[in-house]
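Enquirer: Sequence and predicted model, in that order:
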4 protein chains.
Amino acid sequence: MWLSVDPRSPKPVYQQVVEGVKEAVARGLVACGDRLPPVRELATTMTLNHNTVARAYQELERERVIEVVRGRGTFIAASGPRPDREDRVRALTAGMREMLVEAHHLQMSDDDLLALFRATVDAWRRERGLVGS
Amino acid sequence: MWLSVDPRSPKPVYQQVVEGVKEAVARGLVACGDRLPPVRELATTMTLNHNTVARAYQELERERVIEVVRGRGTFIAASGPRPDREDRVRALTAGMREMLVEAHHLQMSDDDLLALFRATVDAWRRERGLVGS
Amino acid sequence: MWLSVDPRSPKPVYQQVVEGVKEAVARGLVACGDRLPPVRELATTMTLNHNTVARAYQELERERVIEVVRGRGTFIAASGPRPDREDRVRALTAGMREMLVEAHHLQMSDDDLLALFRATVDAWRRERGLVGS
Amino acid sequence: MWLSVDPRSPKPVYQQVVEGVKEAVARGLVACGDRLPPVRELATTMTLNHNTVARAYQELERERVIEVVRGRGTFIAASGPRPDREDRVRALTAGMREMLVEAHHLQMSDDDLLALFRATVDAWRRERGLVGS
DNA sequence: GTGGTCTAGACCACC
DNA sequence: GTGGTCTAGACCACC
């Protein structure tokens, strides 16, 4: 299974599920049209309550990552434009600024951070590449 | 004042204070040896509960960003190596991976994200430059 | 075919069928006496469960939009007065009030909403007009 | 209290709470900055579970109708632009088209419906007017 | 005190 | 079988 959750993390469990699914999509582990496990089945598999999984699925549907087909199941949606795209790009930039602050306190220069970012992107690409091959 | 807090933000107030101080340091607005306002004074100025400010100062001390000198006050610490540096760099990398996932769902390519990162670094440098001049 | 259904819609499928038939009547695409396809045939055509179609037909019969003649088939009914007319007009008014609330939150004035309503009626009339010509 | 819920309604309870608050805002019964009752207090008052009220508040926050101030309470937000405005206006238009279909089956002409709409807007305005006087 | 999260278990509509 | 809703009751972070 391409999904795991750490109950000790400060991050809410339902949100870890949300991010796990989004990461699987971004990695190409699941693709448009693929079926997700039923709420209660995933709950059992991951020893979570079905409400927790249901909440994650609802959030994913709201973000248009998945589509719920009544009585039949839940599927990965086609990717499309988001109405709140600008807000989210702004949040991305804000996150980058926080990283610059953090880097300073770790005595990394801006260029060190940029290098780390490039390295992380490369590692990400290599991992994705493994999927396709 | 180089510090501000948004009570409506989902980010805990004490953490906003922590990050605000760390950002001021990174920007060069305050430097090693500068004195911070006493807990109660800062609390009054920013209309916060003094417990909130105290908690922020404790966290900043734990991170060795500030030093509390009993009976004298609180001061910006000299920057030095951190014992938990590796953990924090790992956290930074994890954050970058989250950004890659988010970018995918905003239909930005890895290169788009890298470009945004470079642009953000440049903007940050320009702002810092203004301080020094 | 003048009927289509979106399985991903939050609206129940059987209700989409009900509304689809009622819309076709309102548009003049089908008229009193026209025959509807048998339940199983419509189910096959639209790749729906026959139970779903049957439920829609039952609802349409209850609303006296269609008439089921045993052994002969299903037909569009003559329009006539409804016993529950008052309830349904009340429901219509309630829906309009909900629209007024929604409009407020979209920063549309009552007059904006009225204008939108008028435009929608005009568009509807134009579409109907195309049918008659 | 300007809020009530019908447990027999097919509409989910949490959604009735959401709409109740939005209606109160649209009616001017509550205004920007007003405090809402705490989750558990409202739950007790309305004999609902606190989870149900919490869910309603979360939905209202997501729609930017209210703002949650950590540890202090929940307040009516200033009205501002919504990122999903277009989608919602489209939904409004779709609702109007459904009303046109329904009107046909109630043997109301388009003009009858328009008149009903105008009357409903007028009634709404009169009710709002009472608040200010 | 304030809202947020989670499990447990029941019930429901829809397909 | 499928997801959605609700109550009950516990625990938690934050202010």
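Expert: Structure's in. What do you need?

Enquirer: Report how many residues lie close to residue A:60.
Expert: For residue A:60, the neighbour count with other CB atoms under 10 Å in any protein chain shown is 23. From N, CA and C alone the C-beta is placed, and that goes for glycine too.

Enquirer: And what about it, helix, strand or coil?
Expert: Following DSSP: H, G, I helix; E, B strand; the rest coil, residue A:60 is assigned to helix.

Enquirer: Can you show me the strands along chain A?
Expert: Applying DSSP state E to chain A gives strands spanning A:35-36, A:66-69, A:73-76.

Enquirer: which strands and helices sit next to the last one?
Expert: On a contact count with 3 or more CB pairs under 8 Å, 6 or more residues apart in numbering or on different chains; DSSP states H and E, strand A:73-76 meets strand A:35-36, strand A:66-69.

Enquirer: Also the first one?
Expert: Based on contacts counted as 3+ CB pairs under 8 Å, 6+ apart, the elements that strand A:35-36 packs against are strand A:73-76.

Enquirer: Which residues does the strand it packs on contact?
Expert: When contacts are defined by CB atoms under 8 Å, 6 or more residues apart in numbering or on different chains, strand A:73-76 is touched by residues A:25, A:30-36, A:38-39, A:57, A:61, A:65-69.

Enquirer: let's see it at 7 Å
Expert: The contact list for strand A:73-76 (CB atoms under 7 Å, 6 or more residues apart in numbering or on different chains) reads A:25, A:30-36, A:38, A:57, A:66-69.

Enquirer: just those that are near DNA strand F?
Expert: Contacts with DNA strand F within the contacts of strand A:73-76, counted by CB under 7 Å from any atom of the strand: A:36, A:38, A:57, A:68.

Enquirer: Can you turn the buried part of these into a ChimeraX selection?
Expert: Here is the ChimeraX command that selects the buried residues among these (16 or more other CB atoms under 10 Å in any protein chain shown):
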select /A:36,57,68
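
Enquirer: Would you reformat the ones next to DNA strand F among the contacts of strand A:73-76 as TSV and include distance to DNA strand E and pLDDT?
Expert: What follows is those, written out as TSV (distance: CB to the nearest atom of the strand, whole Å; pLDDT from 0 to 100):
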residue	distance to DNA strand E	pLDDT
A:36	17	98
A:38	12	98
A:57	13	98
A:68	11	96
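
Enquirer: So of the ones next to DNA strand F among the contacts of strand A:73-76, which two are at opposite extremes in space?
Expert: A:38 and A:68 (11.0 Å; CB to CB).

Enquirer: which bits of chain A sit near chain C?
Expert: A:67, A:69, A:70 (CB under 7 Å from any CB of the partner chain).

Enquirer: Near the residue lying closest to residue A:3 once chain neighbours are set aside, how many other residues are there?
Expert: With sequence-adjacent residues excluded and distances taken as CB to CB, 6 or more residues apart in numbering or on different chains, residue A:3 is closest to residue A:20, at 4.4 Å. Neighbour count for residue A:20, taken as other CB under 10 Å: 18.

Enquirer: same thing with residue A:29?
Expert: 14.

Enquirer: separation between the residue lying closest to it once chain neighbours are set aside and residue A:30?
Expert: Closest residue to residue A:29 apart from its sequence neighbours, by CB to CB, 6+ apart: residue A:2 at 4.7 Å. From residue A:2 across to residue A:30, the span is 7 Å (CB to CB, to the nearest Å).

Enquirer: Flag every buried residue along the top helix by length along chain A.
Expert: Using DSSP state H, we find that the single longest helix of chain A is helix A:110-132. Buried residues in helix A:110-132, counted by 16+ other CB under 10 Å: A:110, A:113, A:114, A:116, A:117, A:120, A:121, A:124, A:128.

Enquirer: if I pick the fourth one, what's in contact with it?
Expert: Looking back up the chat, that one is residue A:116. Taking CB under 7 Å, 6+ apart, one finds B:92, B:93 in contact with residue A:116.

Enquirer: Lowest-scoring secondary structure element of chain A by mean pLDDT?
Expert: Scoring the helices and strands of chain A by mean pLDDT, DSSP states H and E places helix A:110-132 at the bottom, with a mean of 90.

Enquirer: Show me what from chain A comes close to chain D.
Expert: A:83, A:84, A:87.

Enquirer: Specify which member of the residues you listed is nearest to chain C.
Expert: residue A:83 (13.1 Å; CB to the nearest CB).

Enquirer: Now do the domain split for chain A, please.
Expert: The record's domain parsing of chain A by automatic domain parsing lists A:13-76, A:85-132.

Enquirer: Mind putting the ones you listed into CSV with distance to residue B:102?
Expert: Output for these, formatted as CSV (distance: least, CB to CB, whole Å):
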stretch, distance to residue B:102
domain A:13-76, 8
domain A:85-132, 6
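
Enquirer: out of those, which comes closest to residue D:50?
Expert: For the domains of chain A, proximity to residue D:50 was assessed by CB to CB; domain A:13-76 is nearest, at 14.5 Å.

Enquirer: The closest one spans what distance, first to last residue?
Expert: 20 Å (CA to CA, to the nearest Å).

Enquirer: okay, the residue lying farthest from the centre of chain A: pLDDT?
Expert: In terms of distance from the mean C-alpha position of chain A, residue A:107 ranks first, at 29.4 Å (CA atoms, centre = their mean). Here the pLDDT value assigned to residue A:107 is 95.

Enquirer: Is it correct that it is in contact with residue B:79?
Expert: Yes: under the criterion of CB atoms under 7 Å, residue A:107 makes contact with residue B:79 at 6.3 Å.

Enquirer: Can you name the residues of chain A sitting close to DNA strand F?
Expert: So chain A meets DNA strand F at A:36, A:38-41, A:50-51, A:54, A:57-58, A:61, A:68, A:71-74 (CB under 7 Å from any atom of the strand).

Enquirer: Please identify which of these is nearest to chain D.
Expert: residue A:51 (9.2 Å).

Enquirer: got the contact list for that closest one?
Expert: By CB under 7 Å, 6+ apart, no residues touch residue A:51.

Enquirer: neighbours around residue A:58, how many?
Expert: Neighbours around residue A:58, by other CB under 10 Å: 15.

Enquirer: now do residue A:65
Expert: Count around residue A:65 with other CB under 10 Å applied: 18.

Enquirer: who touches residue A:59 in this structure?
Expert: Neighbours of residue A:59 in contact, by CB under 7 Å, 6+ apart: residue A:18.

Enquirer: swap that for residue A:110, please
Expert: A:100, B:121, B:125.

Enquirer: Rebuild these as JSON lines, extending it with distance to residue B:46.
Expert: What follows is the contacts of residue A:110, written out as JSON lines (distance: CB to CB, whole Å):
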{"residue": "A:100", "distance to residue B:46": "24"}
{"residue": "B:121", "distance to residue B:46": "30"}
{"residue": "B:125", "distance to residue B:46": "29"}
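
Enquirer: can you tell me which of these lies nearest to residue C:95?
Expert: Distances from residue C:95 to those, taken by CB to CB, are shortest for residue A:100, at 51.3 Å.

Enquirer: To what extent is the closest one buried, counted in neighbours?
Expert: Neighbours of residue A:100 using other CB under 10 Å come to 22.

Enquirer: my guess is it meets residue B:124, correct?
Expert: Yes: taking CB under 7 Å as the definition, residue A:100 is a contact partner of residue B:124 at 5.2 Å.

Enquirer: intersection of neighbour lists for these two?
Expert: With CB under 7 Å, 6+ apart, residue A:100 and residue B:124 have no common neighbours.

Enquirer: Not counting sequence-adjacent ones, nearest residue to residue A:89?
Expert: For residue A:89, the spatially nearest residue (CB to CB, 6+ apart) is residue B:106, at 6.4 Å.

Enquirer: Count the neighbours of the one you found for me.
Expert: That count, for residue B:106 with other CB under 10 Å as the rule, works out to 18.

Enquirer: now residue A:91
Expert: Neighbours around residue A:91, by other CB under 10 Å: 13.

Enquirer: if we can go back for a sec, send the alpha carbons of the longest helix of chain A over as PDB?
Expert: The C-alpha coordinates for helix A:110-132 follow below in PDB (Å, rounded to 0.1, in the frame of the first residue of the first chain):
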ATOM      1  CA  ASP A 110      20.500  31.400   0.400                       C
ATOM      2  CA  ASP A 111      22.600  29.600  -2.200                       C
ATOM      3  CA  ASP A 112      23.000  26.600   0.100                       C
ATOM      4  CA  LEU A 113      19.200  26.500   0.300                       C
ATOM      5  CA  LEU A 114      18.800  26.800  -3.400                       C
ATOM      6  CA  ALA A 115      21.300  24.000  -3.900                       C
ATOM      7  CA  LEU A 116      19.300  21.800  -1.400                       C
ATOM      8  CA  PHE A 117      16.100  22.600  -3.200                       C
ATOM      9  CA  ARG A 118      17.700  21.600  -6.500                       C
ATOM     10  CA  ALA A 119      19.000  18.400  -5.000                       C
ATOM     11  CA  THR A 120      15.500  17.600  -3.600                       C
ATOM     12  CA  VAL A 121      13.900  18.200  -6.900                       C
ATOM     13  CA  ASP A 122      16.400  15.900  -8.600                       C
ATOM     14  CA  ALA A 123      15.900  13.200  -6.000                       C
ATOM     15  CA  TRP A 124      12.100  13.500  -6.500                       C
ATOM     16  CA  ARG A 125      12.400  13.200 -10.200                       C
ATOM     17  CA  ARG A 126      14.600  10.200  -9.900                       C
ATOM     18  CA  GLU A 127      12.100   8.500  -7.700                       C
ATOM     19  CA  ARG A 128       9.300   9.300 -10.100                       C
ATOM     20  CA  GLY A 129      11.400   8.000 -12.900                       C
ATOM     21  CA  LEU A 130      11.600   4.600 -11.200                       C
ATOM     22  CA  VAL A 131       7.800   4.300 -11.400                       C
ATOM     23  CA  GLY A 132       7.600   4.700 -15.100                       C
END
